[in-house]
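**Q** could you work out the structure for the sequence below:
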Amino acid sequence: MSPLPIIRNCELTGSARQTIFRRAQADIDALMKPVKTIIDDIKERGDQAVVEYICRYDAPNFLADQMLVTKQDIMKAYADVPPGTLTIMKRQIEISRNFHMKQAEKIYADADWSIEYVPGVRTGVRKGPIDAVGLYVPAGKAPLPTVSQILTVAAKAARVPRICVFFPPTAYYPEIIVAADLAGADEIYRVGGVAAIAAMAYGTESIKSVDKIAGPGSPWVQAAKLQVFGQVGIDMLSGPSEGLGMADDTANPAWVAADILARLEHGPDSAFPIVTTSKMLAEATQKDVSLQAPKRSRYEKFIKPALNNGYQAIILVDSIDEMIAVANEYGAEHLHIQVRNAEDVSKRIRNAGSIFIGSYAPVPIGDFASGTNHCLPTSRAVAFSSPVSVETFMKTNEYQILTKEGLEALAPIVRTISDVEGLDGHKEAVDIRLRHQE
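**A** Next up is the predicted model:
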């Protein structure tokens, strides 16, 4: 069978459907015990344990005084990034910042509102930034300065007072350092993996703890985020890169094939199936994938195993309505729509992280250049969660302001429900005020 089989949606059932639609939902259960051991060790021994784990997993000769990226280190990183690359990075961040600042403007414009439904009782909401956030930037399969900037830009737009960026010191990565600095990071640390998550959550002698952690990472990082949740907030659990392509007979099969390969070069566990109304497009895309794939630099390491991981297919449907139903069932991290009236179709999508509308909106544009946040929910989590955004780095307070008349109006509710729940202290906290004569 071709590594990109063509299957009718009505015939895609049972375990075959489950494999494609569930894709690489990494089983982190097996990692929980060893991750806990590392976290507990860092809680107990702080910097010493952090350095030992960095030496074991990332950089054998790492020293404690290398954890913090100093001002001198930042200046050197700027000097070591080629001028042309630096110019492009500045433009990239300008676009990202424009998008996220507009997002923040909309949120803060309505960040403090109230109503007075009951006379004398004013209730409302105030939104504001989290005090300190830790942003994790992976550098395992590839260094990701784009993650460094996009997370920092969002946190900065949210007006977070202390933004800390962490990345594993598996190599120098001056671009990650420069991206974080350009975007507005306050602290940058060469600490990765479980050690970074533990340090962010519990602090060490050199690293002050944060209030929330955001960013993608390996299954080890995700297991660590899950374990520290409650001590700190987390954005989401992020799995391998994935997407879904929607295409009809107007789509260019060579372009669709290129879209598939662009997603699969992220790793052997990546996924990008296609759903289409056109058998001709399906067959042409299948052939184009076979022609293009060996030409990609990551073919042997990532693309070839990804094509054979069981998560890929071209799913044939009979109508655009059926195509939309499949897309909503799949719930892709990235959804690319290349059909007639693509924008109208996009409005019928309920479950997707980021939607790419039209043939000239390939997913890599969102990864690198459009300014939208590409830290997105995976593994069907789009059904209940959202992309990282300005709001990821904010929290909400609710409030109520009452006059004596307002308290009198609500007192009967408090008295009755206090009796139902057996909480007479609640009732007395109201009644003592109403008995008081000024």
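**Q** element containing Lys36?
**A** helix 32-45 (DSSP states H and E).
**Q** any idea which element Asp318 lies in?
**A** Counting by DSSP H and E, Asp318 is found in no helix or strand.
**Q** how many other residues sit next to Asp344?
**A** 12 (other Cβ atoms under 10 Å). Where you see a C-beta, it was placed from the backbone N, CA and C, and this is true even at glycine.
**Q** which residues touch the helix or strand encompassing it?
**A** Assignment of secondary structure by DSSP H and E places Asp344 within helix 342-346. With contact meaning Cβ atoms under 8 Å, 6 or more residues apart in numbering, helix 342-346 is reached by Met246, Ile320, Ile324, Ile337, Val339, Ile355, Ile357, Gly358.
**Q** tell me the average confidence for the next helix-or-strand element following it?
**A** Downstream of helix 342-346, the first helix or strand assigned by DSSP H and E is strand 352-357. What strand 352-357 shows for mean pLDDT is 98.
**Q** measure stretch 109-122 end to end?
**A** 20 Å (Cα to Cα, to the nearest Å).
**Q** my bad, stretch 28-36
**A** 12 Å.
**Q** ok, now stretch 331-351?
**A** Stretch 331-351 has an end-to-end distance of 5 Å (Cα to Cα).
**Q** distance from the chain centre to it, please.
**A** Between the centre of stretch 331-351 and the centre of its chain there are 20 Å (Cα atoms, centre = their mean, to the nearest Å).
**Q** what residues sit buried inside it?
**A** Neighbour-count burial for stretch 331-351 flags 331-339, 342, 345-346, 349, 351 (criterion: 16 or more other Cβ atoms under 10 Å).
**Q** what is the subsequent helix or strand relative to the helix or strand harbouring Ala179?
**A** Per DSSP H and E: Ala179 is located in helix 174-183. Remark: after helix 174-183, the chain's next helix or strand is strand 187-189, criterion DSSP H and E.
**Q** packing partners of the very next helix or strand once past that next one?
**A** Elements were assigned by DSSP H and E; along the chain past strand 187-189, the next helix or strand is helix 193-202. Under the contact definition 3 or more Cβ pairs under 8 Å, 6 or more residues apart in numbering; DSSP states H and E, helix 193-202 sits against helix 32-45, helix 47-57, strand 132-136, strand 162-166, strand 212-214, helix 219-228.
**Q** would JSON lines of those with mean neighbour count and distance to Glu283 be doable?
**A** Shown next, in JSON lines, are the helices and strands packed on helix 193-202 (neighbours: other Cβ atoms under 10 Å; distance: least, Cβ to Cβ, whole Å):
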{"stretch": "helix 32-45", "mean neighbour count": "16", "distance to Glu283": "45"}
{"stretch": "helix 47-57", "mean neighbour count": "19", "distance to Glu283": "45"}
{"stretch": "strand 132-136", "mean neighbour count": "28", "distance to Glu283": "42"}
{"stretch": "strand 162-166", "mean neighbour count": "25", "distance to Glu283": "46"}
{"stretch": "strand 212-214", "mean neighbour count": "24", "distance to Glu283": "42"}
{"stretch": "helix 219-228", "mean neighbour count": "23", "distance to Glu283": "36"}
